[in-house]
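Trainee: Have a look at this prediction, sequence included:
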Amino acid sequence: MFFLIFFVLTAIVLLIFQTTIFPLFSVAGVQPDLVLLATVGYSLVAGRQRGLSFGFFLGLLQDVLSGGLLGTNGFIKGFVGYVVGVFRQQVADRSFFFPSLAIFFGSLLNGALYFLIARVLYADKYSWWFFVRTTTLETTYNLVLGLVVTGAVGVACQRKTGLVNKLLKKVTVLISDRV
Amino acid sequence: MRGRRSSGIWSLILLMVAGFGLITLNLKKEKAITSLESFALAVLSPVHGFITGTTQQVENAWEGYLDLVQVKRENTKLREEVRKLREMANAGVELQQQNRRLLQLLDFKEKTQFDLVLAQVIGVDSSNWSRAIFINRGSRDGIRKDLPVVTHEGVVGRVIEATPDAAKVLLITDPRSAVDALIQRTRDTGIVVGDDARHARMKYLPLESNLKTGDLVISSGLGGIFPKGLVVGRVTGVTKQKFGLFQEAEISPSANLSRLEEVFVIAKGS
């Protein structure tokens, strides 16, 4: 139940931000992919299984609010969520750069998968340049935003260790262990 | 008991005698009384002055406090008024801009022969991989798939999905979009396809075509979606390939696709 509430609230907030405020800060028409960032963050906390379902459903909602084919983002975000979940299990390092690394590879994977699907479905309509440009800009933007958020959380944890850590632990347990 | 009562009566009588006596003397303006009065006044006046001064100060302080409360209230009220006036001024500016835009759209509507449906842009694409907008008109207003969407500046895109109250519009800058177009000056035809968020490319232009930067690109009417003569954009660059059969032109869309607020859907059958 908590997962459902968490998911619905996250989806509403993210998609509203993504379609209203973030376009104002777009660079060369590209803005950070909040759905991807949320999927990566959630997979790092909750693991591959939940990361997959979280990414899939959030991606589907993103598809509804985009001009792309329904299911494209659902599939891609679900896959990224799963891979990041596996990455979390395999890598023992839990330093400050761990989430940034996950965001970096997650964004690259997102771009590569989109490229593959688009080439299969639309053949030559999408140019290489379009993907290289969009993936590079999106990855950079995601990484910057990811670093800022990770840094802010890190600073908050250091300053108010007890309270923030308790809160984070509670939220982590709630969103990862209960469905 | 009796003693107490009699002393009380005596005191009362004394009081009455003294009182009436003093009143009588006062009426007669006896000197002794005047002196007594002056003395009392002289002794009591500093005390009286002190008490009056203190009372005055307390009263002033109280009034000052009340004034401050009043000023604070007035300040809050004035701030609120300033906020409301600012809001009204902003709303005025917004209305003025909206009015300007709507006048331009109205002018376009009056000049054109198409049956136009005015729609407001209610959202933009949530993904970086496609270029689309959402409008507040749907199948209830006669909007359906493949209807062209324009502004007074030029072509915006085409409807790719319509629900009863909203529709999804694919912009001409999306790589999947294709508009059959011609260069107005040379009459050479080609296909305008999306390139990135701000530009489009015109493909399949004949090699011998004498294209120039600034040439106007209009819809040819051949694609079956966009009627002939709609402004698509202007040529901003030309790419000639050495061994290719065609040349390509970079197109800057006439409509400002990143700042769309109101658009027209061209209803079919017009």
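Mentor: It's in.

Trainee: which residues pair with whichever residue of the stretch 1-150 of chain B sits closest to chain A across the strands?
Mentor: Residue nearest to chain A within the stretch 1-150 of chain B: B:Ala132 (2.7 Å; Cβ to the nearest Cβ). (Glycine included, C-beta is placed from N, CA and C.) Per DSSP bridges, the residues bridged to B:Ala132 are B:Leu170.

Trainee: Backbone dihedrals for the nearest residue to A:Phe17 once chain neighbours are set aside, please?
Mentor: Nearest non-adjacent residue to A:Phe17, counting by Cβ to Cβ, 6 or more residues apart in numbering or on different chains: A:Leu34, 6.1 Å away. With angles defined as degrees, to the nearest 10, A:Leu34 sits at phi -70, psi -30.

Trainee: Please name the residues that touch A:Leu34.
Mentor: Counting by Cβ atoms under 8 Å, 6 or more residues apart in numbering or on different chains, A:Leu34 touches A:Leu14, A:Leu15, A:Phe17, A:Gln18, A:Phe22.

Trainee: thought the residue of the stretch 1-150 of chain B closest to chain A was touching B:Ile160?
Mentor: Yes. Between B:Ala132 and B:Ile160 there is a contact at 7.3 Å, judged by Cβ atoms under 8 Å.

Trainee: and for those two, which residues touch both?
Mentor: A:Gly67, B:Lys168, B:Val169, B:Leu170.

Trainee: Got a quick ChimeraX command for the buried subset of those residues?
Mentor: The following ChimeraX line selects those of those that are buried, judged by 16 or more other Cβ atoms under 10 Å in any protein chain shown:
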select /A:67 /B:168,169,170
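
Trainee: As JSON lines, the shared contacts of B:Ala132 and B:Ile160 with distance to B:Val192 and pLDDT would be great.
Mentor: JSON lines is the format used below for the shared contacts of B:Ala132 and B:Ile160 (distance: Cβ to Cβ, whole Å; pLDDT from 0 to 100):
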{"residue": "A:Gly67", "distance to B:Val192": "17", "pLDDT": "77"}
{"residue": "B:Lys168", "distance to B:Val192": "20", "pLDDT": "90"}
{"residue": "B:Val169", "distance to B:Val192": "16", "pLDDT": "93"}
{"residue": "B:Leu170", "distance to B:Val192": "13", "pLDDT": "93"}
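
Trainee: how far does stretch B:63-74 sit from the chain's center?
Mentor: The chain centroid and the centroid of stretch B:63-74 are separated by 33 Å, computed with Cα atoms, centre = their mean, to the nearest Å.

Trainee: Surely B:Lys145 is in contact with B:Thr163?
Mentor: No. Using Cβ under 8 Å, B:Lys145 makes no contact with B:Thr163, being 11.3 Å away.

Trainee: who has more neighbours, B:Ala132 and B:Ile160?
Mentor: Between B:Ala132 and B:Ile160, B:Ala132 has the larger neighbour count (other Cβ atoms under 10 Å in any protein chain shown), namely 23 against 18.

Trainee: What backbone torsions are found at B:Thr173?
Mentor: According to degrees, to the nearest 10, B:Thr173 has phi -90, psi 0.

Trainee: That one: what's its closest spatial neighbour, skipping adjacent residues?
Mentor: Excluding the flanking residues, the one nearest B:Thr173 by Cβ to Cβ, 6+ apart is B:Gly194, at 4.4 Å.

Trainee: and that neighbour, what does it touch?
Mentor: Contacts of B:Gly194 by Cβ under 8 Å, 6+ apart are B:Arg131, B:Leu171, B:Ile172, B:Thr173, B:Asp174, B:Pro175, B:Arg176, B:Ser177, B:Ala200, B:Arg201.

Trainee: Mind checking what secondary structure B:Gly224 has?
Mentor: Following DSSP: H, G, I helix; E, B strand; the rest coil, the label given to B:Gly224 is coil.

Trainee: ok, it to chain A distance?
Mentor: 18 Å (Cβ to the nearest Cβ, to the nearest Å).

Trainee: One more: B:Gly157?
Mentor: Distance from B:Gly157 to chain A, by Cβ to the nearest Cβ: 9 Å.

Trainee: Throw the shared contacts of B:Ala132 and B:Ile160 into a markdown table and include distance to B:Lys72, thanks.
Mentor: Output for the shared contacts of B:Ala132 and B:Ile160, formatted as a markdown table (distance: Cβ to Cβ, whole Å):
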| residue | distance to B:Lys72 |
| --- | --- |
| A:Gly67 | 54 |
| B:Lys168 | 53 |
| B:Val169 | 53 |
| B:Leu170 | 57 |
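
Trainee: can you list the residues of the stretch 51-200 of chain B near chain A?
Mentor: Residues of the stretch 51-200 of chain B lying near chain A by Cβ under 8 Å from any Cβ of the partner chain: B:123-132, B:134, B:160, B:168, B:170-171, B:174-176, B:193, B:195-198.

Trainee: now do 6 Å
Mentor: Neighbours of chain A within the stretch 51-200 of chain B, by Cβ under 6 Å from any Cβ of the partner chain: B:123-130, B:132, B:170, B:175-176, B:197.
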